[in-house]
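>>> with the input below, show me the fold.
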Amino acid sequence: MSQIVELKRKPRKAKCPICARPSLAGLEPFCSKRCKDEDLRRWLDGGYRIPTDEGPDAPDVP
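Numbering: from 1, shown residues only. The predicted structure follows:
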């Protein structure tokens with residue numbers, strides 16, 4: 001008879017993307033309100049944008 005073996009993985013504690021400390025429940029994936037606010041600041045300042053050679057008024061059609 002063949003048996004089915006289930007492997008149980010330990011849940012990994014997510015790390016804060018800003019400072020790499022363990023995240024807190026309620027603030028996931030961040031460890032603090034400060035890191036959450038820093039991530040928002042980076043989004044608003046364009047820190048996560050993908051650089052391109054196109055200008056801001058370039059047409060979307062090829």
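
>>> element containing the residue positioned nearest the centre of the chain, please.
If you average the C-alpha coordinates of the chain and look for the closest C-alpha using C-alpha atoms, centre = their mean, you land on Pro17, 6.0 Å from that point. In this structure, Pro17 is located outside every helix and strand according to DSSP states H and E.

>>> that one contacts Lys36, correct?
No: under the criterion of C-beta atoms under 8 Å, Pro17 makes no contact with Lys36, lying 10.1 Å away. Any C-beta I mention is one placed from the backbone N, CA and C, and that applies to glycine too.

>>> quick one: common contacting residues for those two?
By C-beta atoms under 8 Å, 6 or more residues apart in numbering, Pro17 and Lys36 have these common neighbours: Phe30.

>>> thinking again about what came up before, how close does the closest residue to the residue nearest to the centre of the chain other than its chain neighbours get to Gly55?
Distance criterion C-beta to C-beta, 6 or more residues apart in numbering; nearest residue to Pro17, sequence neighbours excluded, is Pro29 at 6.0 Å. Noted for Pro29: a distance of 34 Å to Gly55, by C-beta to C-beta, to the nearest Å.
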